[in-house]
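Asker: can't give you the sequence, but here's the structure:
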């Protein structure tokens with residue numbers, strides 16, 4: 001960010017030299033909307049120099065500086081993720097392994113395996129997958145409550161309270177006197193996951209849009225760098241940068257939480273939790289959207305499913321609901337928006353089409369906190385907790401996010417390669433597939449070298465002590481680093497895409513749809529629980545790698561036409577939900 005501060009600092013002098021003429025008189029080819037008067041003191045675009053059509057096509061694009069408020073919100077999200085990942089990192093051991101000998105707390109000591117309930121890997125994977133599903137279906141509820149009833153601020157406060165209650169219940173499930181009755185402890189633990197997941201969903205749907213909303217500029221503008229190069233500050237690239245650092249803060253919190261809790265379970269306890277409050281608000285538009293969709297879909301349904309599909313996916317589907325295409329006397333009372341807002345809604349729907357492919361990607365990512373943790377436990381960890389290895393993922397993200405932002409992405413820009421959001425997502429699919437291929441190879445060698453062969457995961461001596469395969473656990477590193485790169489390409493970009501393509505007053509809703517794809521993936525993942533055990537783990541990783549590869553190829557074939565319109569979609573004029581258009585009273 002600091003590199004651009006000197007560049008942006010020349011804006012005022014440059015704008016003064018042209019007398020603000022180009023800023024407002026020379027409109028770019030993307031047709032800025034006519035807007036009501038805004039006091040220059042409050043206008044984030046005051047004094048900026050907007051690009052011409054030629055400059056839009058030829059000048060290099062860069063990101064603007066991030067506002068400090070975005071860093072503060074990202075730090076709060078990092079604190080929330082500290083508690084979430086700090087707790088969830090020990091779920092696998094808590095569920096899968098039995099209480100260690102002579103331990104009432106589940107602590108395994110420096111060289112033992114921590115555990116509590118002894119339910120096995122299949123149950124552990126199934127419960128972990130359910131938790132993932134629950135945490136990412138509840139954002140739909142969080143978005144609805146915030147948009148239709150409470151607003152973001154109240155929703156987030158309630159979410160924090162619910163999550164705190166869930167953590168308290170989770171602590172109760174790990175109390176030594178409760179662990180003496182494993183089935184009862186298991187029931188309390190499941191209840192804690194339900195409560196905590198509800199709080200997480202309400203929180204996640206509203207925090208992600210908030211961070212990018214701190215940046216108010218929506219139009220690209222021209223600056224001159226300290227080296228004399230004229231470049232375009234692109235709001236879309238700025239939002240992309242903001243979500244990269246938002247994700248970095250998430251993983252700082254995750255890294256600290258996972259390491260501290262993984263060692264805590266070795267020493268004494270299994271769980272410690274913390275949650276932090278946030279800020280924001282929004283208004284209700286969901287009902288208007290549903291009415292608008294019903295109006296546009298009128299007459300589009302047919303006895304033929306193929307005809308219905310074609311009608312509902314037609315490029316002109318939303319044209320019939322634009323107020324300019326509806327006679328004044330026929331407009332219902334809820335049709336208070338303008339044509340531009342309909343275009344924004346159409347763009348948001350396109351984003352949701354893109355998200356349909358994400359459940360396949362999340363299948364690869366979801367291996368981090370269940371099967372890969374179990375895989376580490378079947379190798380020689382040299383005294384490390386087996387669940388501390390998962391911290392290679394957030395550590396790699398903390399290292400490589402700034403490298404991508406400062407080195408790789410700018411280098412691609414200078415080379416003339418437009419690495420658009422959807423190209424990044426496509427690359428993310430293939431990188432996730434490569435991570436699964438790496439895990440499959442590691443699992444093959446575990447079976448080959450383990451004294452128990454294809455029963456490596458449950459290999460133990462007569463006293464119940466784990467007998468690991470004679471392989472160094474650090475050979476897992478490749479899987480975690482590749483998953484981290486896939487997150488930079490697919491997960492971060494998904495957050496950016498949800499924000500930039502949604503109408504301003506539907507950001508929580510579209511963001512919740514993106515988060516919901518992880519819930520769908522968790523539901524699909526339940527089908528893989530049957531092969532999440534010896535001797536089928538090579539098939540588990542291999543099949544996910546193949547599926548992700550095929551899905552990545554089909555994804556690109558499906559969305560390349562949308563990718564070709566990326567700039568056009570980003571430059572849509574901002575619409576108005578309450579445009580005061582004439583309507584018929586109903």
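Answerer: Looks like it arrived, so ask away. The structure presented is a predicted model; accordingly, all values stated were derived computationally and were not measured.

Asker: how about residue 569, what does it touch?
Answerer: 347, 350, 501, 562 (Cβ atoms under 8 Å, 6 or more residues apart in numbering). (Each C-beta comes from the backbone N, C-alpha and C, glycine too.)

Asker: what helix or strand is it located in?
Answerer: helix 566-570 (DSSP states H and E).

Asker: would you mark the buried spots in that helix?
Answerer: Within helix 566-570, the residues that count as buried by 16 or more other Cβ atoms under 10 Å are 566, 567, 569, 570.

Asker: let me see the ranges of the strands in the chain.
Answerer: Applying DSSP state E to the chain gives strands spanning 61-62, 221-224, 230-233, 379-380, 469-472.

Asker: packing partners of the fourth one?
Answerer: Meaning strand 379-380. strand 469-472 (3 or more Cβ pairs under 8 Å, 6 or more residues apart in numbering; DSSP states H and E).

Asker: can you get me a residue count around residue 297?
Answerer: Neighbours of residue 297 under the rule other Cβ atoms under 10 Å: 15.

Asker: could you measure residue 455 against residue 467, distance?
Answerer: 10 Å (Cβ to Cβ, to the nearest Å).

Asker: and stretch 287-307, which residues are buried?
Answerer: 288, 289, 292, 293, 295, 296, 300.

Asker: got a list of contacts for that stretch?
Answerer: Contacts for stretch 287-307 (Cβ under 8 Å, 6+ apart): 148, 308, 311-312, 317-318, 320-321, 332, 334-337, 342, 345, 506, 509, 577.

Asker: quick one on the thing from earlier: and the buried residues of helix 566-570 as CSV, adding distance to residue 356?
Answerer: Shown next, in CSV, are the buried residues of helix 566-570 (distance: Cβ to Cβ, whole Å):
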residue, distance to residue 356
566, 18
567, 23
569, 17
570, 21
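
Asker: quick check: most distant residue from the centroid of the protein.
Answerer: residue 462 (44.6 Å; Cα atoms, centre = their mean).

Asker: how far away is that residue from residue 456?
Answerer: With Cβ to Cβ as the criterion, residue 462 and residue 456 are 18 Å apart.

Asker: residue 63 now?
Answerer: For residue 63, the distance to residue 456 - Cβ to Cβ - is 47 Å.

Asker: do the same with residue 366
Answerer: 22 Å.

Asker: show me what the biggest helix by length in the chain is packed against.
Answerer: In the chain, taking DSSP state H as the definition, the longest helix is helix 235-267. The contact analysis (3+ Cβ pairs under 8 Å, 6+ apart) places helix 235-267 against helix 68-88, helix 182-212, helix 392-403, helix 492-501.

Asker: and those helices as a markdown table, adding mean pLDDT and distance to residue 379?
Answerer: Formatted as a markdown table, the helices and strands packed on helix 235-267 follow (pLDDT from 0 to 100; distance: least, Cβ to Cβ, whole Å):
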| stretch | mean pLDDT | distance to residue 379 |
| --- | --- | --- |
| helix 68-88 | 83 | 22 |
| helix 182-212 | 89 | 27 |
| helix 392-403 | 92 | 14 |
| helix 492-501 | 90 | 30 |
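
Asker: same list, the ones you listed, but as JSON lines with mean neighbour count and distance to residue 416 please.
Answerer: JSON lines is the format used below for the helices and strands packed on helix 235-267 (neighbours: other Cβ atoms under 10 Å; distance: least, Cβ to Cβ, whole Å):
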{"stretch": "helix 68-88", "mean neighbour count": "21", "distance to residue 416": "30"}
{"stretch": "helix 182-212", "mean neighbour count": "22", "distance to residue 416": "27"}
{"stretch": "helix 392-403", "mean neighbour count": "20", "distance to residue 416": "21"}
{"stretch": "helix 492-501", "mean neighbour count": "25", "distance to residue 416": "20"}
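
Asker: pretty sure residue 241 sits against residue 65.
Answerer: No: the pair residue 241 and residue 65 fails to qualify as a contact (Cβ atoms under 8 Å) at a distance of 9.1 Å.

Asker: more neighbours: which of these two?
Answerer: Shown here are residue 241 and residue 65; by other Cβ under 10 Å, residue 241 has more neighbours (25 against 17).

Asker: related to what we said a few turns ago, what about the longest helix of the chain, distance to the chain center?
Answerer: 12 Å (Cα atoms, centre = their mean, to the nearest Å).

Asker: swap in stretch 321-336?
Answerer: Distance, centroid of stretch 321-336 to centroid of chain: 36 Å (Cα atoms, centre = their mean).

Asker: same question, stretch 333-352
Answerer: 24 Å.

Asker: that one: which residues count as buried?
Answerer: In stretch 333-352, counting by 16+ other Cβ under 10 Å, buried: 335-352.

Asker: which of the residues you listed fall in helices?
Answerer: 339-352.

Asker: turn the helices and strands packed on helix 235-267 into JSON lines, columns for distance to residue 171.
Answerer: Putting those into JSON lines (distance: least, Cβ to Cβ, whole Å) gives the following:
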{"stretch": "helix 68-88", "distance to residue 171": "10"}
{"stretch": "helix 182-212", "distance to residue 171": "8"}
{"stretch": "helix 392-403", "distance to residue 171": "24"}
{"stretch": "helix 492-501", "distance to residue 171": "31"}
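
Asker: quick one: closest of those helices to residue 220.
Answerer: helix 492-501 (12.8 Å; Cβ to Cβ).

Asker: what's next to the closest one, contact-wise?
Answerer: 208-209, 212, 236, 239-240, 243-244, 246-247, 347-348, 350-351, 354-355, 358, 401, 421-422, 424-425, 428, 507, 510-511, 513-514, 569-570.

Asker: and if we set it to 6 Å?
Answerer: With contact meaning Cβ atoms under 6 Å, 6 or more residues apart in numbering, helix 492-501 is reached by 208-209, 212, 236, 239-240, 243-244, 247, 347-348, 351, 421, 424-425, 510-511, 514.

Asker: where does the prediction get shaky in this structure?
Answerer: 1-42, 100, 102-114, 261-286, 369, 386-387, 578-586 (pLDDT under 70).

Asker: about what we covered before: which one among the buried residues of stretch 287-307 gets closest to residue 408?
Answerer: residue 289 (37.7 Å).

Asker: buried residues of stretch 439-455, list them for me.
Answerer: So for stretch 439-455, counting by 16+ other Cβ under 10 Å, buried means 439, 440, 441, 442, 443, 446, 447, 450.

Asker: residues touching the fourth one, list them.
Answerer: With contacts defined as Cβ under 6 Å, 6+ apart, the neighbours of residue 442 are residue 475.

Asker: and it, how far from residue 374?
Answerer: 12 Å.

Asker: try the second one
Answerer: Using Cβ to Cβ, we find residue 440 at a distance of 14 Å from residue 374.

Asker: and if you look at the last one?
Answerer: For residue 450, the distance to residue 374 equals 13 Å [Cβ to Cβ].

Asker: how close does residue 61 sit to residue 408?
Answerer: Separation of residue 61 from residue 408 (Cβ to Cβ): 15 Å.

Asker: looking at the two, which is more packed in?
Answerer: residue 61 (17 against 13).

Asker: what's the closest non-adjacent residue to that one?
Answerer: Here the nearest residue to residue 61 in space, its sequence neighbours aside, is residue 234; by Cβ to Cβ, 6 or more residues apart in numbering that works out to 4.3 Å.

Asker: what of residue 204?
Answerer: residue 139 (5.1 Å).

Asker: output the strands of the chain as CSV; include the columns distance to residue 163.
Answerer: Converted to CSV, the strands of the chain look like this (distance: least, Cβ to Cβ, whole Å):
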stretch, distance to residue 163
strand 61-62, 38
strand 221-224, 40
strand 230-233, 38
strand 379-380, 34
strand 469-472, 37
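
Asker: I appreciate the help and will end here.
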